[in-house]
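Colleague: no FASTA, just this:
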């Protein structure tokens, strides 16, 4: 199976007719999840995540009812021949699909305060970013997406502490925490529409391209 990275800019969902069209196509749990949010931006992100997942499952002839939830809240498919992970930030939603376990995270570049930098990154990682990036905040945002995508790969959330993850800028990511030790993972970075996006998987290169989803 070919790895696929689906990307959707939620600006299209500002059109109420497009929004309502896709909202009506969502299963009940996704509509309820979308309705839960107070702000329109968050509603659009939730709906966009549902749209990407629907498109991915439809392309692989998988039923939405086959989605289960792991002990830490990470959704997975009952068959386990197909794996997926979803992330969203600001106006961007992404869905990574693979035949192996996958984690994905996307972020808009944002400012990292010194206290947070020292809390989540190793000294070697900090030195590398400051040496190689004209804009350190871009580098730290990228590094955070690597760690977040690894947490999502394992399905742990912050139970796997950021400093329990070590990033090799050559493309490897290692977890050194009880129950999550791994030397076999890679990360692939993408820059899409001003967003930093990282996929963590067993593939040295997840995919060379992404599938931009259009709703109109």
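Modeller: Happy to help now that I have it. Keep in mind that this is a model prediction, so the values were computed, not measured.
Colleague: Test my guess that residue 112 contacts residue 141.
Modeller: Yes. Counting by C-beta atoms under 8 Å, residue 112 sits close enough to residue 141 to count as a contact (7.4 Å). (Glycine included, C-beta is placed from N, CA and C.)
Colleague: any chance you could map the helices in the protein?
Modeller: Read by DSSP state H, the chain holds these helices, from start to end of the chain: 16-25, 28-36, 40-59, 114-120, 123-132, 136-154.
Colleague: Out of those helices, the one nearest residue 5 is which?
Modeller: Nearest to residue 5, of all the helices of the chain, is helix 40-59, at 9.9 Å by C-beta to C-beta.
Colleague: starting at the chain centroid, how far to that closest one?
Modeller: 13 Å (C-alpha atoms, centre = their mean, to the nearest Å).
Colleague: so what does it touch, helix or strand wise?
Modeller: With contacts defined as 3 or more C-beta pairs under 8 Å, 6 or more residues apart in numbering; DSSP states H and E, the packing partners of helix 40-59 are strand 4-9, helix 16-25, helix 28-36, strand 83-89, strand 92-98.
Colleague: Give me whichever of the helices of the chain is most buried.
Modeller: Each of these was given a mean neighbour count from mean count of other C-beta atoms under 10 Å, and the largest, a mean of 23, is that of helix 136-154.
Colleague: Just want the angle from that one to helix 123-132.
Modeller: Compare the direction of helix 136-154 with that of helix 123-132 by axes from the mean of the first three to the mean of the last three C-alpha atoms, to 10 degrees and you get 140 degrees.
Colleague: Pipe the helices of the chain into JSON lines and attach distance to residue 106 and mean pLDDT per row.
Modeller: Supplementary listing: the helices of the chain in JSON lines, determined by distance: least, C-beta to C-beta, whole Å; pLDDT from 0 to 100:
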{"stretch": "helix 16-25", "distance to residue 106": "20", "mean pLDDT": "97"}
{"stretch": "helix 28-36", "distance to residue 106": "19", "mean pLDDT": "94"}
{"stretch": "helix 40-59", "distance to residue 106": "11", "mean pLDDT": "95"}
{"stretch": "helix 114-120", "distance to residue 106": "17", "mean pLDDT": "94"}
{"stretch": "helix 123-132", "distance to residue 106": "19", "mean pLDDT": "94"}
{"stretch": "helix 136-154", "distance to residue 106": "7", "mean pLDDT": "93"}
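Colleague: Tell me how the chain divides into domains.
Modeller: 1-100, 104-202 (automatic domain parsing).
Colleague: Is it possible to get a markdown table of these that adds distance to residue 208?
Modeller: Listed next are the domains of the chain as a markdown table, based on distance: least, C-beta to C-beta, whole Å:
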| stretch | distance to residue 208 |
| --- | --- |
| domain 1-100 | 10 |
| domain 104-202 | 9 |
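Colleague: about what we covered before: show me the one of the helices and strands packed on helix 40-59 that comes nearest residue 196.
Modeller: Go through those one by one with C-beta to C-beta and the one that ends up closest to residue 196 is strand 83-89, at 9.1 Å.
Colleague: Name the residues that touch stretch 144-153?
Modeller: By C-beta atoms under 8 Å, 6 or more residues apart in numbering, the residues outside stretch 144-153 that reach it are 74, 85, 87, 101-107, 112, 120, 157-158, 160, 162, 165, 167, 173, 175, 185, 187, 189, 196-201.
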